[in-house]
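Participant: Based on what follows, work out the 3D shape:
(2 chains)
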Amino acid sequence: MIRYWSTALVGLALAGIIHIVALQLIPLLTPQLARQRLAALGGEVQFHSIGPEARTPDLDPAFRYAVCLFDLGKGPVAFDVAPGGNYWGLSFHDRRGGVFYAINNRSTELGRITLILASPQEAPRLSRMLEERSSPHVVVETPVQRGYAMMKVMVPSPSLTAAAIERLGRAHCRSFEPPPSPDAGDPNRNLPPPAPIPRPVRERQTSGNARGSS
Amino acid sequence: MRLSIGFPTLVLTAIGFAAVAGLGSAYWAIRSGPRFGALTAGVWVAEPVAATAAADPYALARRLRRQVVAPLAFESLSFVAETDSNGEPLRGRCDYRIQGPQPPARSWTLTASGRNGGLFESPGGRRGFTSDEIVRLGTEDVLITVSARARPGNWLPVNERPFQLTLRLYDTAVGAGFGASQLQFPRIIRERCR
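Facilitator: Here you go, the predicted model:
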């Protein structure tokens, strides 16, 4: 009799182990995680709008979306967003789609801001260096290395579609050159240029693409 | 009667039971198990933690299964209703009235979709309402009619199949300290069925 009971107990314990292992295996066996799925839209560190053919059922039909894939192992990434307008949100996601940071147009009432996404190794130094600058920066420290940013702009009514697409085109995603370490000479001279208010031509083209493919 | 079962048979039985019970329970828990950290307001359910990088393994598996790329968290939230306010499943053969106070958010949208989340083909192109589009009839309350047939006022079209409603709140304090249960959400009231 003991033999039967012990078999039952072993079976139960084994069932528990299989339950846990199966759950842990699901993300590993998922053929396409959110980031891989979105990688079909284009390369890293550039906003790509999600066209009608690429929309997934979880996207709100009242919104236009653009995605920027990042890999912080290749250095920090900066996001420039303009204030105001109808509701928009910028969220940062890990490879599996989980949100780890989000802001919206009300978080940026003070004006144009730049969010810098940086690894825990880079972030403290970046924050220290950028504190001295007048242009508003927010350094977001994250252990997530590979993920994506999702910019969403609301289209409150169909007549406002053009304005939403225009706003989506004004969001930028670029690699951020970390300032050199303070012992490399005069720190002020070596700081990177302030927030990109006269935008370089390359970024204008980016926004044009975002408009064209949406 | 005395059963005599050999040791290998016992081991195989234990392994077989473990495989079926382990995988079966995982499948059940992902599909219809408890939603940890869910917020409910009437029949509206949101899972704010499931949308984040800190989701529990069950919520993560559910999210991966549905291929979600833009989950809402922190400043926005997605509430889903699969039943009317009496607990009956939402059916395309019935008309519904969504009535109640303004959802607690600066902006919100309401959409109807199939049970799998897929949007309906809509003849007029309308897939949902935004907070700006609602026509208010002299009151602060929201009144939206869900029906497969054309209706006057704020008409949200569906087709004849079962459906679910998604109420997305943007720039909301719900979930960030405020519970949803204290808040008044619109009720889903069934009217005529065909």
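
Participant: list the buried ones in stretch B:183-194?
Facilitator: Using 16 or more other Cβ atoms under 10 Å in any protein chain shown as the test for burial, stretch B:183-194 gives B:183, B:185, B:186, B:187, B:188, B:190. Every C-beta, even on glycine, is put in place using the N, C-alpha and C of the backbone.

Participant: Residues contacting it, please?
Facilitator: B:41-44, B:79, B:81, B:83-86, B:88, B:90-91, B:93-101, B:103-104, B:142, B:144, B:165, B:167, B:174 (Cβ atoms under 8 Å, 6 or more residues apart in numbering or on different chains).

Participant: That stretch spans what distance, first to last residue?
Facilitator: In stretch B:183-194, first residue to last residue: 33 Å (Cα to Cα, to the nearest Å).

Participant: tell me how far that stretch is from the chain's mean position?
Facilitator: In terms of Cα atoms, centre = their mean, to the nearest Å, the centre of stretch B:183-194 is set 15 Å apart from its chain centre.

Participant: Quick one: mean pLDDT for that stretch?
Facilitator: Mean per-residue pLDDT for stretch B:183-194: 88.

Participant: What of stretch A:111-122?
Facilitator: pLDDT averaged over stretch A:111-122 gives 88.

Participant: Centre of the chain to that stretch, how far?
Facilitator: The chain centre lies 11 Å from the centre of stretch A:111-122; the measure is Cα atoms, centre = their mean.

Participant: what comes up buried for that stretch?
Facilitator: Quick answer for stretch A:111-122 (16+ other Cβ under 10 Å): A:112, A:113, A:114, A:115, A:116, A:117, A:118, A:119, A:122.

Participant: Now do the contacts for the residue nearest to the spatial centre of chain A.
Facilitator: The structure's chain A has its C-alpha centroid closest to residue A:149; by Cα atoms, centre = their mean the separation is 1.9 Å. Residues counted as contacts of residue A:149 (Cβ under 8 Å, 6+ apart) are A:67, A:68, A:70, A:77, A:79, A:90, A:91, A:92, A:93, A:117, A:173.

Participant: will you turn those into a markdown table that also has distance to chain B?
Facilitator: Below are these laid out as a markdown table (distance: Cβ to the nearest Cβ, whole Å):
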| residue | distance to chain B |
| --- | --- |
| A:67 | 8 |
| A:68 | 13 |
| A:70 | 14 |
| A:77 | 17 |
| A:79 | 16 |
| A:90 | 10 |
| A:91 | 7 |
| A:92 | 9 |
| A:93 | 8 |
| A:117 | 13 |
| A:173 | 16 |
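
Participant: Now, those residues that are in strands?
Facilitator: Of the positions in these, A:67, A:68, A:70, A:77, A:79, A:90, A:91, A:92, A:93, A:117, A:173 sit in strands, assigned by DSSP state E.

Participant: Need the residue closest to the centroid of chain B.
Facilitator: With the centre of chain B defined as its mean C-alpha position, the nearest residue by Cα atoms, centre = their mean is residue B:80, 2.6 Å away.

Participant: Give me the three-state assignment for that one.
Facilitator: Using DSSP: H, G, I helix; E, B strand; the rest coil, the structure places residue B:80 in strand.

Participant: show me what contacts the closest residue to it other than its chain neighbours?
Facilitator: Distance criterion Cβ to Cβ, 6 or more residues apart in numbering or on different chains; nearest residue to residue B:80, sequence neighbours excluded, is residue B:166 at 5.3 Å. By Cβ under 8 Å, 6+ apart, the contact list for residue B:166 reads B:78, B:79, B:80, B:81, B:110, B:111, B:112, B:113, B:117, B:128.

Participant: Which positions in the one helix or strand residue A:168 maps to come out as buried?
Facilitator: Using DSSP states H and E, residue A:168 sits in helix A:161-169. Neighbour-count burial for helix A:161-169 flags A:164, A:165, A:167, A:168, A:169 (criterion: 16+ other Cβ under 10 Å).

Participant: That helix - what's its average pLDDT?
Facilitator: Helix A:161-169 shows a mean pLDDT of 88.

Participant: list the helices and strands it packs on?
Facilitator: With contacts defined as 3 or more Cβ pairs under 8 Å, 6 or more residues apart in numbering or on different chains; DSSP states H and E, helix A:161-169 has these neighbours: strand A:63-71, strand A:146-154, helix A:201-212.
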